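Student: sharing a sequence plus its predicted fold:
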Number of protein chains: 2
Amino acid sequence: MGFESSDNIRTARPLKYVKTVELGAPLALERGGALPQVRIAYETWGTLNRDKGNAVLVCHALSGDSHAARHDADDDAGWWDIMVGPGKPIDTDRFFVICPNVLGGCRGSTGPNSINPATGRPWGAQFPLITVGDMIQAQRLLVDQLGIDVLHAVVGGSLGGHLALGWAAWLGERVKNLVAIATSPRLNSQSLAFDVVGRNAILADAHFNGGQYYDRPAKPQVGLAIARMLGHITYLSREAMASKFDPDRLTPRQIETQFETAFSVGSYLAYQGNKFVERFDANSYLVLTMAMDLFDLGATRQRIAESFAGAQCRWLLLSFSTDWLFPPNESQQIVDSLLWAGKPVSYCQIQSHCGHDAFLLPDDFALYGEMTRAFLAPAKRRGTVRRAPAARPAGRSIYTHRVDYDSILRLIPQGSSVLDLGCGQGELLSRLRDREGASAKLMGIELSASSILSCLSLGLDVTQADINQGLSAYPDGSFDFVVLSLTLQSVTEVVKVIDEMLRVGRRGLVSFPNFAYRPLRDQLFNEGRAPRAGSVLGHTWYESPNIRFLAIRDLEEFCLERGIQILDRVALDTSSGCEVTDDPNLNADVAVMVIGR
Amino acid sequence: MGFESSDNIRTARPLKYVKTVELGAPLALERGGALPQVRIAYETWGTLNRDKGNAVLVCHALSGDSHAARHDADDDAGWWDIMVGPGKPIDTDRFFVICPNVLGGCRGSTGPNSINPATGRPWGAQFPLITVGDMIQAQRLLVDQLGIDVLHAVVGGSLGGHLALGWAAWLGERVKNLVAIATSPRLNSQSLAFDVVGRNAILADAHFNGGQYYDRPAKPQVGLAIARMLGHITYLSREAMASKFDPDRLTPRQIETQFETAFSVGSYLAYQGNKFVERFDANSYLVLTMAMDLFDLGATRQRIAESFAGAQCRWLLLSFSTDWLFPPNESQQIVDSLLWAGKPVSYCQIQSHCGHDAFLLPDDFALYGEMTRAFLAPAKRRGTVRRAPAARPAGRSIYTHRVDYDSILRLIPQGSSVLDLGCGQGELLSRLRDREGASAKLMGIELSASSILSCLSLGLDVTQADINQGLSAYPDGSFDFVVLSLTLQSVTEVVKVIDEMLRVGRRGLVSFPNFAYRPLRDQLFNEGRAPRAGSVLGHTWYESPNIRFLAIRDLEEFCLERGIQILDRVALDTSSGCEVTDDPNLNADVAVMVIGR
């Protein structure tokens, strides 16, 4: 049973690379009042460029601190060593990385354990109510003092994700790229409820003493440990707990603790609880969880989009399938709001068994780490293309023969904005960008995570979605063209997908295999067997990814019945590579049609 | 914001219908030691038949008690009023219903707040370690005293489900029917972890005093309340919490409490916590949760099946999709073990947004209530058929024209055991039972919950599963026939499904629409359009539930390639209702084949 959890590998020894800055003036607080003196503890890695354009702000989660990564071989491991360092995704050879301890924390920045200048004693429970917005203002003052105008990126997970989102919401002109991982527009009621119970455990501790315990021998360690135990349950997934604790369920590790250790999971929680109280302050726990609980970018798409009205950045949001503290649908809510607002956003829900903690662990690093790397510095711009890890490509990418792309490019006029449904590894979108230039509005939707990584490496904006669910995040007429290339034959919800294409796009462009192609007709008619031909319709009846079989004539009738116009078309014989003009429904194996209402 | 939660609607006033029985001898305990005196508090409803064959034992969950239902109009509501009463699923006009408070509880049965005869003081923390098995022994002694040999049924949810399963495991010859809802073979590590934190909150309470607090003014109310708050989070789903608390997130109800009430969900938890301590004893909470945590029928299919080796009952297991304390896969584990052991089991995962508490709430009553009713007293036996609630039938049930059934019945020899994949509302299985008699081994697999309810009403054994996932729960050769009737054309994993049919069945029986039927050939060849004919292949290309198109010849080739023998066959022209002998691949629209290896 491994007891180490990567957000908790830190010892309590002093951090030798910590710098501090005293902010010159009192910090006015969002909910009223001000902090007369504010000190921010922070660490940096790498070198700030002369143009000061390479700064990356890394934001830690609830129990983290400024020590994101080692500074040298002898240094303690940081909470995000996996991500921050030379050659790592947040590459300190390339970027100047800044990680401050948050306002309200207990690891060097001003918090409840700091001295209240008015009394000469620690603030304790008199520490004012602060918000995520206040934390961001303190970070901004640090960034100002470092002389940085625009951050290349703000990156964070969990509470760190809230901070990153807050930068976009309130200091949107000062961020170029934003990476928000395992986060949400606000805490859901279940996650909030866990914080409430944790705070009650601290507040009810016999040694809490109204928050003034700093000069007392006994501190509210039991309450804080219980809050931490509870937190730990929420950071892991049920699957992760099962694999960690089921094998030796009844043989707990023998540890010194006042807590129950009847079960292995109990000894783990007791260990984590006891370890946490050595390095964390109960009042900070109250202050920071309350700030998280009050964070609220809005409950509706419209409100969230309004929050981000001033943001100028490109966005990458990542979530983890088994994260139940900040579940994927909450990242999706942010993504949908950004799509609605027309912002350049990429998104992937990473299949993981690690729960909320996944972004701190090595298990899924090949996706979340490499996606972050690709997003912060696309290979396209760096001159080399980093290939996605080998994986079975999804959806239409199984077709290597993409003669339809040339026709599609011809049918889409120069200067068009394009949404590509099932964009694969971004081939069509990058050909369009080569033609249109970097300012063109070109976006993709894709299911496969490895394909999304490829797109990010090319600097493309792509979000993960199942097109059968519709395109409700996109406003009416928000693209000139919505493309569905060699995918219609594997779509379940045909009517919905076509309707949505023509709502979101001024034009739709559909390419599909023609089931009335002569060799197919012959096979069924003469041989009495399920027909197969070419690459797209070449599969056996029992293993084909295709579930819809339609002829060109069928789509024509479909359009006629539904009031859809066919505005342009090309029919192809892909075996010869030629366009077909003579009876395409008989002689073409692939058709490309531009449709509209 | 509704604060009532249905497992907590009870007041603390004395229960006037409670009876008690003193067990004559000391109760020897599973983990050693004995309880010298045991009293069981219980309530009953209805009348015990002369043959004593109509007794139903209802088992309550962690915080429940003997008061399952009202006894008259003036009586307090019970925790399962929805289920127990005249004309209700556990029909007190038909059954003699018994609900005892569990051993170790604090509502009348012997528990930590009872007097320890050795000291003359309450047991407190000296109460011995008891198990779910001990609780069942105490229940058995009560049942003995009532003169009941075999219970018609044992029914329970959550811990009550553990008790029901324990009856089957340890007193298997004394139960005829078993309904276990929202339960598991043992707690998963995540659920166990919540219990650990709850117990730590009680044990760490300054007023716990080693469990001897009964004669003190202050009791460990804060710790117990925190444990209860935590429990309440786990009883609700995230969706349920969102709908309950999101609308007025920041406007908590004003209540008298020592706990935080900054958020509406916080005031709810504080209210539940404070209310619970009025009626529940902290030591009982420790004792009962520890018994739950130690309950363990095994971690593997084999171990669980061994646990149930002596059981003679029919089984119904029900789970709820959003139950994350006892998630559906844990009920499924029990079901798989029972199927492996060849036991007659029915199962449904009910789509619900209510989480673990769903079995106490009205939202999903139309399914879990009616399924319990149907299972306990199938309409077939009662002489009237209760119809399932109207709902769009799933899978192949969309085909009303089932001329293939006659052929299937002819092709299955008398006396065969049959597993019907996608059994719909049980038409084929009930026709087989009419022919074979009640002792025949006939089981079904079905996806649709409303179809499963129909099957239960007919007294059939049916489990919910997606056949594309395979049939791994079933041993090799466990049925004479595995039937897949008019379903192959909508199966995704064709190879896996056929392989599994021929592993589990000595024979497979497949009926399917023939895609090389003459009118279909003509349409594609002459008209150049996706062919449609008859009821099964009559759908449009864009809305068809069919995803596989195969001719009789295709299945012949498939079998040949894979070493499968076609042992018998019938080809049909369903428009005329006649058998086709002349070139079936051209002239039949449906084929029925018996296959084997």
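Tutor: Good, I have the coordinates.
Student: assign A:G210 to helix, strand or coil.
Tutor: Counting by DSSP: H, G, I helix; E, B strand; the rest coil, the backbone at A:G210 sits in helix.
Student: kindly tell me how buried it is, as a neighbour count.
Tutor: Neighbourhood size, A:G210 [other C-beta atoms under 10 Å in any protein chain shown]: 9. The C-beta positions use only the backbone N, C-alpha and C, and glycine is treated the same way.
Student: for the residue lying closest to it once chain neighbours are set aside, give me its contacts.
Tutor: Among residues not flanking A:G210 along the chain, A:A125 sits closest, at 5.5 Å (C-beta to C-beta, 6 or more residues apart in numbering or on different chains). Shown in contact with A:A125 (C-beta atoms under 8 Å, 6 or more residues apart in numbering or on different chains): A:112, A:210-212, A:283, A:286.
Student: can you tell me how far A:A125 is from B:Q258?
Tutor: Using C-beta to C-beta, to the nearest Å, A:A125 is found at 15 Å from B:Q258.
Student: same check, this time on A:L269
Tutor: 25 Å.
Student: who's more crowded, those two?
Tutor: Neighbour count, other C-beta under 10 Å: between A:L269 and B:Q258, A:L269 has more, with 28 against 14.
Student: got a pLDDT number for the closest residue in space to that one that isn't next to it in sequence?
Tutor: Spatial nearest neighbour of A:L269, excluding adjacent residues (C-beta to C-beta, 6+ apart): A:M229 at 4.1 Å. As summarised for this prediction, A:M229 has a pLDDT of 98.
Student: about what we covered before: which ChimeraX command selects the buried ones in the contacts of A:A125?
Tutor: Burial among the contacts of A:A125 is assessed by 16 or more other C-beta atoms under 10 Å in any protein chain shown; the matching ChimeraX selection reads:
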select /A:112,211,283,286
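Student: residues in contact with A:N101?
Tutor: Contact partners of A:N101, counting by C-beta under 8 Å, 6+ apart, are A:40-42, A:60, A:65-66, A:107-109.
Student: what subset of the residues you listed is buried?
Tutor: Buried among those (16+ other C-beta under 10 Å): A:40-42, A:60, A:65-66, A:107-109.
Student: how about the residues you listed in CSV, adding pLDDT and distance to A:R373?
Tutor: Formatted as CSV, the buried ones among the contacts of A:N101 follow (pLDDT from 0 to 100; distance: C-beta to C-beta, whole Å):
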residue, pLDDT, distance to A:R373
A:I40, 97, 28
A:A41, 97, 27
A:Y42, 98, 23
A:H60, 98, 20
A:D65, 96, 24
A:S66, 97, 22
A:R107, 95, 27
A:G108, 95, 29
A:S109, 97, 29
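Student: filter those down to the ones in strands?
Tutor: Residues of these located in strands (DSSP state E): A:40-42.
Student: which one among those residues gets closest to chain B?
Tutor: Among those, A:I40 lies closest to chain B (C-beta to the nearest C-beta), at 26.9 Å.
Student: isn't A:T261 right up against A:G273?
Tutor: No: between A:T261 and A:G273 there is no contact under C-beta atoms under 8 Å: 11.3 Å.
Student: farthest pair in the buried ones among the contacts of A:N101?
Tutor: The widest separation within the buried ones among the contacts of A:N101, taken as C-beta to C-beta, falls between A:I40 and A:H60 and amounts to 12.8 Å.
Student: quick one: the helices in the stretch 101-250 of chain A?
Tutor: Per DSSP state H, counting those that start in this stretch, the stretch 101-250 of chain A carries helices over the ranges A:132-145, A:159-170, A:189-203, A:221-235, A:238-245.
Student: and the helix or strand hosting A:C348, what does it pack onto?
Tutor: Taking DSSP states H and E as the criterion, A:C348 maps to strand A:345-350. Contacting strand A:345-350 under the criterion 3 or more C-beta pairs under 8 Å, 6 or more residues apart in numbering or on different chains; DSSP states H and E are the following elements: strand A:314-320, helix A:328-340, helix A:365-376, helix A:449-457, strand A:461-464.
Student: ok so, going back, residues near the residue nearest to A:L269, how many?
Tutor: 28.
Student: and the one 10 residues further on, by the same measure?
Tutor: The number of residues packed near A:E239 is 17, by other C-beta under 10 Å.
Student: gap between it and chain B?
Tutor: Separation of A:E239 from chain B (C-beta to the nearest C-beta, to the nearest Å): 9 Å.
Student: what of A:G369?
Tutor: 27 Å.
Student: in this structure that residue contacts A:P89, no?
Tutor: Yes: at 4.6 Å, A:G369 counts as touching A:P89 under the criterion of C-beta under 8 Å.
Student: can you give me the pLDDT of A:G534?
Tutor: Turning to A:G534, the model gives it a pLDDT of 80.
Student: which elements pack onto the helix or strand where A:V510 lies?
Tutor: Counting by DSSP H and E, the element that carries A:V510 is strand A:505-513. Counting contacts by 3+ C-beta pairs under 8 Å, 6+ apart, strand A:505-513 is packed against helix A:404-411, strand A:479-485, helix A:494-504, strand A:590-596.
Student: before we move on, the earlier item: more neighbours, A:T261 and A:G273?
Tutor: For the pair A:T261 and A:G273, the greater number of neighbours falls to A:G273 (25 against 20), based on other C-beta under 10 Å.
Student: ok, now which ones touch the more buried one?
Tutor: A:224-226, A:228-229, A:232, A:257, A:259.
Student: for A:C354, same thing?
Tutor: Counting by C-beta under 8 Å, 6+ apart, the residues that A:C354 touches are A:236-237, A:240, A:320, A:322, A:361, A:363-364.
Student: now do 6 Å
Tutor: A:240, A:361, A:363 (C-beta atoms under 6 Å, 6 or more residues apart in numbering or on different chains).
Student: what's the burial count for the first one?
Tutor: Neighbour count for A:A240, taken as other C-beta under 10 Å: 22.
Student: verify the stated contact: it with A:D357.
Tutor: No: at 7.9 Å, A:A240 and A:D357 do not qualify as touching, with contact defined as C-beta atoms under 6 Å.
Student: point me to the residue sitting farthest from the middle of chain A.
Tutor: A:N526 (53.3 Å; C-alpha atoms, centre = their mean).
Student: that one belongs to a strand?
Tutor: No: checked against three-state DSSP, A:N526 lies outside a strand; its state is helix.
Student: and A:G369 and A:P89? Which one has more around it.
Tutor: In terms of neighbours (other C-beta under 10 Å), A:P89 is the more surrounded of A:G369 and A:P89; the figures are 22 against 17.
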